[in-house]
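K.L.:
sequence and predicted model, in that order:
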Amino acid sequence: MGVSMRVVELECTDPIELGKFWSAVLESPMGPGVDGVHIGSQGSDAPISLYLVEERGSERSRARIRLWLTPMEGSLADEVTRLTRLGAVIVEERWTLKQWGIGVVVMADPEGNEFCVESSPAEAAEAERRFEAEPDKLDEEMTAATGKEKVAFAEVDRPAE
């Protein structure tokens, strides 16, 4: 037995307007859903879809979930620029190695739903290649980026109980 995840549902005040935003972000068609707007392909073989439904009432607060997006082409910075032009806003930048383009940017859609955009697979592969070629260089750059030096750990004999 097992399950698969088909849909992520977000409550919003205007499913059609927010649907236009997410349709552009995901570069995927928008259509009618069960009780809202559906973004993505339908069917049992389809990847995960996004449903946008009208808020069901104020007696419950919205569930806090974050979608994670990975740019398939271009860089993290390129994708953040594209999403900002579509109406997203930057909430927080979390850089591991900004000069290598490695990090996560937390953004919010026009209704304030937060989502994350991470470095592209190409950026991650390049960072891994650079690390394997020059592991000490990573230590230097991490120290420069964070202001913290690498901490060494030593084994310590513990007294018998």
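P.N.:
It's in.
K.L.:
what's the pLDDT at Trp100?
P.N.:
pLDDT, Trp100: 67.
K.L.:
could you break this structure into its assigned domains?
P.N.:
Following automatic domain parsing, one finds the domains of the chain at 1-55, 64-148.
K.L.:
now the last one, how far from the centre of its chain.
P.N.:
What it means is domain 64-148. Its chain's C-alpha centre and that of domain 64-148 lie 9 Å apart, by Cα atoms, centre = their mean, to the nearest Å.
K.L.:
with the first one instead?
P.N.:
On the basis of Cα atoms, centre = their mean, the separation between the geometric centre of domain 1-55 and that of its chain is 17 Å.
K.L.:
pipe the domains of the chain into a markdown table and attach mean neighbour count per row.
P.N.:
Where you see a C-beta, it was placed from the backbone N, CA and C, and this is true even at glycine. Below are those laid out as a markdown table (neighbours: other Cβ atoms under 10 Å):
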| stretch | mean neighbour count |
| --- | --- |
| domain 1-55 | 15 |
| domain 64-148 | 15 |
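K.L.:
next SSE downstream of the longest strand seen in the chain?
P.N.:
Across the chain, the strand with the greatest residue count (assigned by DSSP state E) is strand 89-97. The helix or strand immediately downstream of strand 89-97 is strand 102-108, counting by DSSP states H and E.
K.L.:
okay, the angle between that next one and strand 89-97?
P.N.:
Orientation check (axes from the mean of the first three to the mean of the last three Cα atoms, to 10 degrees): strand 102-108 against strand 89-97 gives 170 degrees.
K.L.:
what packs against strand 102-108?
P.N.:
Counting contacts by 3 or more Cβ pairs under 8 Å, 6 or more residues apart in numbering; DSSP states H and E, strand 102-108 packs against helix 76-86, strand 89-97, strand 114-118, helix 121-133.
K.L.:
for Val7, find the nearest of those.
P.N.:
With Cβ to Cβ as the measure, strand 114-118 is the member of the helices and strands packed on strand 102-108 nearest Val7 (15.9 Å).
K.L.:
residue contacts, Gly2?
P.N.:
Applying Cβ atoms under 8 Å, 6 or more residues apart in numbering to Gly2 gives no contacts.
K.L.:
just say helix, strand or coil for it.
P.N.:
Three-state call for Gly2 (DSSP: H, G, I helix; E, B strand; the rest coil): coil.
K.L.:
pLDDT weak spots in the chain?
P.N.:
For the chain, applying pLDDT under 70 flags the ranges 1, 41-46, 58-63, 97-101, 135, 137-139, 141-161.
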